[in-house]
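Chemist: Quick one: sequence and predicted model below, then my questions.
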Amino acid sequence: MVLHGKPVWESRTLPVFIFSLYLYITLNMQQIEPFKSTSPEETFNFAKKFAQSIEYGSVILLIGDLGSGKTTFSKGFSKGLGFDDVISSPTYPILNEYSFNDHYLYHFDLYRLKSISEFLEIGGLEYLSNKQAIALIEWPELIKSIDISNKINIKFEYVSENERLISLQ
Ligand SMILES: Nc1ncnc2c1ncn2[C@@H]1O[C@H](COP(=O)(O)OP(=O)(O)O)[C@@H](O)[C@H]1O
Ligand SMILES: [Mg+2]
């Protein structure tokens, strides 16, 4: 297109391109800032507060290496929901179950799970679909092929002896 002898399209191409690039970059960076914890207590308290914003029916995948804070987080989370944070009698070696007023918290630790069928055999799918429950799952990698609705991923990263990065994804 030519207006008053000036090629309008060509003169807009560069600004439009730059603006699109800017939008693309900012939209992709709009991830929630990770939380930096500097002690186990801070991780516990972060989880305790976080738990109060989570709806029953949610499944929370806790992703991170050994010692990155997943269990510490789970204990704070349990406390935040009002469940006893002392793990006394596990339902199965991979599951601790808490119940209170018809509401449940299932804390799975799948570190020793050998195959997905082991998870299915103990009724894993039923646990995950209980709308009166929240499930926390440490080491969820083996069951990643299961299509879970209402899933929240939380990533734990070791930074230094007392520092961990916790990011919601
Ligand atoms: N900021 C922190 N948050 C959580 N744990 C921490 C932190 N700093 C040090 N730690 C230590 O790291 C270890 C975390 O263990 P745990 O929560 O069992 O991890 P995971 O379940 O991921 O293997 C504990 O020994 C805890 O005392
Ligand atoms: Mg653990």
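Modeler: Noted; the coordinates are in hand. Numbering: from 1, shown residues only. Ligands and ions are numbered 1, 2, ... in the order given.
Chemist: For the strand ranked longest in the chain, which residues meet the burial criterion?
Modeler: Longest strand in the chain, counting residues (DSSP state E): strand 151-160. By neighbour count with 16 or more other CB atoms under 10 Å, strand 151-160 contains the buried residues 152, 154, 156-157. All C-beta atoms are positioned from the backbone trio N, CA, C, and that covers glycine.
Chemist: Please identify the one among those that lies nearest to ligand 2.
Modeler: For the buried residues of strand 151-160, the residue nearest ligand 2 by CB to the ion is residue 156; the value is 9.7 Å.
Chemist: how about the closest one, what does it touch?
Modeler: Going by CB atoms under 8 Å, 6 or more residues apart in numbering, residue 156 touches 62-65, 68-70, 73, 164-166.
Chemist: same deal with residue 32?
Modeler: Going by CB under 8 Å, 6+ apart, residue 32 touches 167-168.
Chemist: Ligand 2 versus that one, what's the distance?
Modeler: 23 Å (CB to the ion, to the nearest Å).
Chemist: Remind me which helix or strand that residue belongs to.
Modeler: Under the criterion DSSP states H and E, no helix or strand holds residue 32.
Chemist: so what secondary structure elements neighbour the helix or strand just after the longest strand of the chain?
Modeler: Proceeding N to C from strand 151-160, the next assigned helix or strand is strand 163-168, under DSSP H and E. Contacts defined by 3 or more CB pairs under 8 Å, 6 or more residues apart in numbering; DSSP states H and E place strand 163-168 against strand 35-37, helix 40-51, strand 151-160.
Chemist: Touching the shortest one from outside, list them.
Modeler: Going back to what we said before, that points to strand 35-37. Contact partners of strand 35-37, identified using CB under 8 Å, 6+ apart, comprise 43, 46, 69, 159, 163-167.
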